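Colleague: this one's sequence-less:
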């Protein structure tokens, strides 16, 4: 049981399943180390236009050039250029609730006509009532039950169709756009720039691996085999002559907190040199990335922009950023302020 | 528990953790379908020189051209060109025992001075005696115990060092070369040719994922994140200030038989269009690959060359090929005869 990181299961909301390369505008800033010099790059060619000039962008640019410029003492060969990104709250928003949770709620509503007993039965009644008070009273075991009911009992292919259909029709309650539009433009730019510099960009999220794979390639340019996430139990079956993978209730692996380094080691097999998260669920992933030799980049997205996105950190029930924020300050990890470091949050903004 | 494929654990030796694009020599052979024509390619440029002309090589070439030639009705985009290979008996030999088993035995011998009680204690005494009769009487639970003792209780990094050291010093008992030389030259050519044609080549083996990753990149050109295998329980820990992954006793996932399609879905997230194995442990993987739409290639390496390699199939305790061989014949999967289809087995041959 140890590898399933029981510590992170107990006392954690299950919905806890749920960066940055810059070009300095036209100035040649010497790196602290003084051994390499960052070349001046025209701001017209800035690969990170949604990042404001400032310490976060500068730290990213410096790191990226340090590890990719030939001759740099910190040069890292391409095979070791592994970057990992949390998803919820790091690549896309996670409010008013993890989007996968909203998918599960919508599934409950769609399945309800076949389950008239749900109107009186907890926790389904809470979802069907759509009453904020009842919803906020849901406990971990309630979410587990909702997940089991909505995410299993079908083949992987059928599940993908359900997610695909939902993503095509559901709209984010605040912005009235598809959920896959509620992604961070600065992070899309960073992912692209990292790949341009020879990095492999992995998602390492507490979210469901199958859920994310439905859109990761189209939205982030990240193929299915570079998505690491939580997974339920699955089984191979020949069903009506067709060989299929069937989804069963029950967790196989929870890729959150101390589970993230375990998932990274299991799926990627190498220690990342860049890691980006936004909550305490990412703390161990950042610790793991920080632990290797050579140059490292650890980043946290700080949700401090209530106007354009949301503002929450130490006191939040969802996406809490508390201990990781302390460690970031202590160890000099880069904390990205959405408010001051990003001049644009979403692609749909003008 | 379902996703851990208990069926494949019970009644199976645990040591059960343990192709082909051809260019037709100078002739333009029309594909059955008649919609595309295989271009003539000079035999000097044959990317598969260790494959004899014959039905296996021809089936491989035809498949590869069908799915990669622009305009072919069976054309498959690069993102879907997923090829999976078993390792033991498919990419390298598995006699006289799975090489990882031999590593475990050598570890027992190296650890023995610190465990004087092992001289009298089963199953260690069998390994230390090196008596073929005692060794062949070892049961599944014995192997499990040997694996637990030799493969856990250290960090992942320490384990890699142990494997690396063993691979650098141990010699295969029959050929007196390093184990990593006892690989099939025709399969190395196939892996390279597949990648040249835009395929991703994954290992999907019952062998230990961490064990294989130590040499997969150097020997097969397959990076760590494209290795799928069995894994033990692991845990994230800060040890003396260093963030590490620690290996614990106990199986996390057995990637064999019905576990292989589960592992493929979990790690790769796409259905392969080419699958190669050599034993009944690969049958479900081949069934799974065969199940998708469009052109598919399923291959089995048949060990029928006692002189240059080994000859074994239906009656073998190790690498048994029985039910999968029947299914291959029934469904027209390609069975590769080592004896007649390969003009060279190992790279070290003249």
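Modeller: Thanks, I have the structure now. Just so it is clear, the structure is predicted and the values come from calculations on it, not from any experiment. Numbering: from 1, shown residues only, chains lettered A, B, ... in the order given.
Colleague: ok, and the closest non-adjacent residue to residue A:172?
Modeller: residue A:182 (5.1 Å; C-beta to C-beta, 6 or more residues apart in numbering or on different chains). C-beta: built from backbone N, CA, C; applies to glycine.
Colleague: where does the stretch 151-300 of chain A have low pLDDT?
Modeller: Counting by pLDDT under 70, not a single residue of the stretch 151-300 of chain A qualifies.
Colleague: now the strands: where do they sit in it?
Modeller: A:200-208, A:227-239, A:242-253, A:274-277, A:297-302 (DSSP state E, counting those that start in this stretch).
Colleague: how much space between the residue sitting nearest the centre point of chain A and chain B?
Modeller: For chain A, residue A:87 is the residue whose C-alpha lies nearest the centre (C-alpha atoms, centre = their mean; 1.0 Å). Separation of residue A:87 from chain B (C-beta to the nearest C-beta, to the nearest Å) stands at 15 Å.
Colleague: these two touch, right, that residue and residue A:208?
Modeller: No - with contacts counted by C-beta atoms under 8 Å, residue A:87 stays clear of residue A:208, the gap being 10.2 Å.
Colleague: need the overlap of contacts for these two.
Modeller: residue A:229 (C-beta atoms under 8 Å, 6 or more residues apart in numbering or on different chains).
Colleague: from residue A:235, how far out is residue A:130?
Modeller: 34 Å (C-beta to C-beta, to the nearest Å).
Colleague: between these two, which is the more surrounded one?
Modeller: residue A:235 (19 against 10; other C-beta atoms under 10 Å in any protein chain shown).
Colleague: now the more buried one: how far from residue A:223?
Modeller: 24 Å.
Colleague: what of residue A:280?
Modeller: From residue A:280 to residue A:223 the distance is 29 Å (C-beta to C-beta).
Colleague: for the residue lying closest to residue A:283 once chain neighbours are set aside, helix, strand, or coil?
Modeller: Nearest non-adjacent residue to residue A:283, counting by C-beta to C-beta, 6+ apart: residue A:324, 4.0 Å away. When classified by DSSP: H, G, I helix; E, B strand; the rest coil, residue A:324 comes out as helix.
Colleague: neighbours around residue A:324, how many?
Modeller: With other C-beta under 10 Å as criterion, residue A:324 counts 25.
Colleague: that one contacts residue A:286, correct?
Modeller: Yes - taking C-beta under 8 Å as the definition, residue A:324 is a contact partner of residue A:286 at 6.8 Å.
Colleague: overlap of the contact sets of these two?
Modeller: A:277, A:300.
Colleague: who in the stretch 201-350 of chain A is up against chain B?
Modeller: A:209-210, A:213, A:217, A:223-227, A:231-236, A:238, A:242-245, A:248, A:250, A:252, A:258-262, A:265-270, A:284, A:287-288, A:290-291 (C-beta under 8 Å from any C-beta of the partner chain).
Colleague: buried subset of the residues you listed as a PyMOL selection?
Modeller: Of those, the buried ones can be selected in PyMOL as follows, counting by 16 or more other C-beta atoms under 10 Å in any protein chain shown:
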select buried, chain A and resi 209+210+213+223+224+225+226+227+231+232+233+234+235+236+243+244+245+248+252+258+259+260+261+262+265+266+267+268+269+270+284+287+288+290
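Colleague: next up, the contacts around residue A:243.
Modeller: A:236, A:237, B:261, B:284, B:287, B:288, B:290, B:291.
Colleague: how much space between the nearest residue in space to the fifth one that is not next to it in sequence and residue A:232?
Modeller: Closest residue to residue B:287 apart from its sequence neighbours, by C-beta to C-beta, 6+ apart: residue A:243 at 4.7 Å. The spacing between residue A:243 and residue A:232, counted by C-beta to C-beta, is 19 Å.
Colleague: and for residue A:124?
Modeller: When residue A:124 is compared with residue A:232 (using C-beta to C-beta), they lie 19 Å apart.
Colleague: quick one, what contacts the closest residue to residue A:216 other than its chain neighbours?
Modeller: In this structure, residue A:216 finds its nearest non-sequential neighbour in residue A:222, 4.5 Å apart by C-beta to C-beta, 6+ apart. By C-beta under 8 Å, 6+ apart, the contact list for residue A:222 reads A:191, A:201, A:202, A:203, A:216.
Colleague: so what's residue A:163 up against?
Modeller: In this structure, residue A:163 makes contact with A:103, A:210, A:211, A:214, A:215, judged by C-beta under 8 Å, 6+ apart.
Colleague: before I go, just wanted to say thanks for your time.
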